[in-house]
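A.B. asks: what's the 3D shape of this:
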Amino acid sequence: MTTSRGTEAGELESVEVVDAELVDDEDLLPATVPAAPPAARPVVDRHTVLYPGQALPTEAEAPRYTRRDYEVSPETARRLEDESAPDNTDRNYRNQRRLFREWCESMGRIAHPCTTATYVEYCAHLIAREMAPNTISTYLSAVRTWMPDDQKPGTGMARGLLREYRKRWSRRNRVRKAPAITAAMARAMVDTCDLRHPIGLRDRFVLLVGRKALNRRIELANLTVEDLTVEDGGVAQWVAYSKTDQEAHGEDTWVPADADDPRYDPVEATRDWLNCLHRLGAGTGPVLRALTVAGTLQSRATATVRGDFVTGDAVNDWIRGRAYAADLSNWQDITAHGLRRGGAQEIADAGGDPTKQGRWKEGSATVKKEYLDRAQSRAENPWHQVAQQRRAAGQQ
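C.D. replies: From the prediction side, this is the model:
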């Protein structure tokens with residue numbers, strides 16, 4: 001199409017116009033410029049350490065994880081389950097964490113990771129239930145160790161609450177401890193053991209070796225035949241791991257022979273029981289085995305994940321049964337822990353320190369308070385001086 005327009009001189013100038021189609025405004029698309037990628041955000045926290053001149057790490061440099069990076073193999077999963085399930089502490093912690101999750105759900109709170117306020121409120125909840133202070137402390141420990149390392153709740157306020165509650169609790173309650181099994185009590189219990197029967201040989205071994213080695217019940221339950229070395233002068237017992245050795249470094253404990261009477265000698269007791277196990281076809285594996293009334297190995301086909309290993313509760317039952325058979329007045333209160341307490345107290349009363357023999361940590365407050373201080377207090381009791389004066393006066 002051609003049109004004309006005026007010029008400054010008044011002349012008309014022909015101008016060529018190209019035909020074009022009119023379109024709606026909404027169909028007009030402006031030219032787009034690719035947006036610049038957002039700047040990579042730095043990734044730092046209070047643990048970041050930068051060398052001089054080093055650039056801040058950014059999200060762009062972070063690895064891109066896939067599901068593969070988070071999965072473990074079926075074999076590893078089974079191993080994790082098998083290794084954790086038998087441990088009493090792990091089992092208790094799992095139960096305590098479950099209770100915490102349920103409480104958080106009922107209160108509309110987030111359980112993992114929890115805030116310090118939730119942690120303190122849970123402490124107050126346990127106190128309101130009038131649980132024992134040591135039990136509350138265990139529950140709180142189970143919760144706190146469950147949290148990620150960098151998101152653990154503060155403990156100051158909860159500790160303050162528990163400290164004041166402990167004072168009130170101590171005024172109202174006195175914790176009852178398992179009675180110590182003295183040497184005389186242990187011998188009376190051994191006397192109930194029929195040494196012609198496997199059950200009698202097993203229980204005699206537990207009583208004599210457990211008391212001299214100051215074993216915890218789970219240490220006894222976890223012993224294997226390979227952990228024992230019998231010599232004429234005593235028995236070397238390898239404790240693969242214990243309450244104070246969670247990393248399983250292991251430790252040797254020596255149980256000396258008792259030459260006074262073979263019936264009460266831990267060396268003879270160990271030899272007799274190991275020979276019995278060999279005759280039963282159990283010359284390797286767990287030392288303590290579940291037995292039938294007839295004295296044969298009990299079938300463990302339907303046992304728990306511990307397999308042929310007995311539980312600490314089973315060891316308790318054996319010890320309590322022997323206390324009952326010996327007609328001890330407090331038989332119902334006696335547990336396997338009484339072997340450990342009785343042995344440690346006898347060492348302390350003789351002026352020794354049971355710390356190493358019992359695999360306590362060096363400088364243990366428990367040993368000092370429960371055994372050493374108690375022995376010293378009794379030895380220095382002023383009534384001993386009164387008795388000495390009376391004997392001296394009677395001799396004159």
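A.B. asks: Just the strands from the stretch 151-300 of the chain, written as ranges.
C.D. replies: 228-231, 234-239, 251-256 (DSSP state E, counting those that start in this stretch).
A.B. asks: which other helices and strands contact the shortest one?
C.D. replies: In terms of contacts (3 or more CB pairs under 8 Å, 6 or more residues apart in numbering; DSSP states H and E), strand 228-231 is packed against strand 234-239, helix 266-279. All C-beta atoms are positioned from the backbone trio N, CA, C, and that covers glycine.
A.B. asks: closest to Arg94 out of these?
C.D. replies: Ranking the helices and strands packed on strand 228-231 by distance to Arg94, with CB to CB as the measure, places strand 234-239 first at 24.6 Å.
A.B. asks: Buried ones in the closest one, by neighbour count?
C.D. replies: Neighbour-count burial for strand 234-239, with 16 or more other CB atoms under 10 Å as criterion, is recorded at 234-235, 237, 239.
A.B. asks: that older thread, make a markdown table out of the strands of the stretch 151-300 of the chain and add distance to Arg91.
C.D. replies: Supplementary listing: the strands of the stretch 151-300 of the chain in a markdown table, determined by distance: least, CB to CB, whole Å:
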| stretch | distance to Arg91 |
| --- | --- |
| strand 228-231 | 27 |
| strand 234-239 | 20 |
| strand 251-256 | 24 |
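A.B. asks: looking at the ones you listed, which is closest to Leu291?
C.D. replies: Ranking these by their distance to Leu291 (criterion: CB to CB) puts strand 228-231 first, at 18.5 Å.
A.B. asks: Parallel or antiparallel, list what pairs with the closest one.
C.D. replies: Sheet pairing for strand 228-231, assigned by DSSP bridges, gives strand 234-239 (antiparallel).
A.B. asks: residues in contact with the strand it pairs with?
C.D. replies: Identification of contacts with strand 234-239 by CB atoms under 8 Å, 6 or more residues apart in numbering yields 209, 213, 215, 219, 223, 226-229, 245, 250-257, 266-267, 270, 359.
A.B. asks: mind showing which ranges of the protein have poor pLDDT?
C.D. replies: Within the chain, the segments meeting pLDDT under 70 span 1-40, 81-89, 174-176, 244-248, 301-304, 396.
A.B. asks: mind listing the helices in it by residue range?
C.D. replies: Using DSSP state H, the helices found in the chain span residues 74-84, 88-107, 116-128, 133-146, 156-172, 183-190, 198-212, 217-222, 266-279, 312-325, 337-349, 365-367, 373-379, 382-395.
A.B. asks: Distance to Val293 for these - can I get that in a markdown table?
C.D. replies: Shown next, in a markdown table, are the helices of the chain (distance: least, CB to CB, whole Å):
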| stretch | distance to Val293 |
| --- | --- |
| helix 74-84 | 31 |
| helix 88-107 | 28 |
| helix 116-128 | 43 |
| helix 133-146 | 37 |
| helix 156-172 | 44 |
| helix 183-190 | 19 |
| helix 198-212 | 8 |
| helix 217-222 | 21 |
| helix 266-279 | 16 |
| helix 312-325 | 13 |
| helix 337-349 | 24 |
| helix 365-367 | 39 |
| helix 373-379 | 41 |
| helix 382-395 | 49 |
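A.B. asks: okay, now Glu71: neighbour count?
C.D. replies: Around Glu71 sit 10 other residues, with neighbours defined as other CB atoms under 10 Å.
A.B. asks: meant to ask about Leu372, not that
C.D. replies: That count, for Leu372 with other CB under 10 Å as the rule, works out to 20.
A.B. asks: Surely it and Ala348 touch.
C.D. replies: Yes - under the criterion of CB atoms under 8 Å, Leu372 lies in contact with Ala348, with a separation of 5.4 Å.
A.B. asks: so how far is Asn316 from Ala184?
C.D. replies: 21 Å (CB to CB, to the nearest Å).
A.B. asks: Looking at the two, which is more packed in?
C.D. replies: Ranked by neighbour count (other CB under 10 Å), Ala184 and Asn316 place Asn316 first, with 18 against 9.
A.B. asks: residues touching that one, list them.
C.D. replies: For Asn316, the contacting residues are 217, 335-336, by CB under 8 Å, 6+ apart.
A.B. asks: Return the member of those residues nearest to Arg171.
C.D. replies: Arg171 has its nearest neighbour among those in Thr335, at 26.7 Å by CB to CB.
A.B. asks: Spit out the contact partners of the closest one.
C.D. replies: When contacts are counted by CB under 8 Å, 6+ apart, Thr335 touches 178, 217, 316, 319-320.
A.B. asks: for the helices of the chain, which one sits closest to Leu291?
C.D. replies: Closest approach to Leu291 among the helices of the chain is made by helix 198-212 (5.3 Å; CB to CB).
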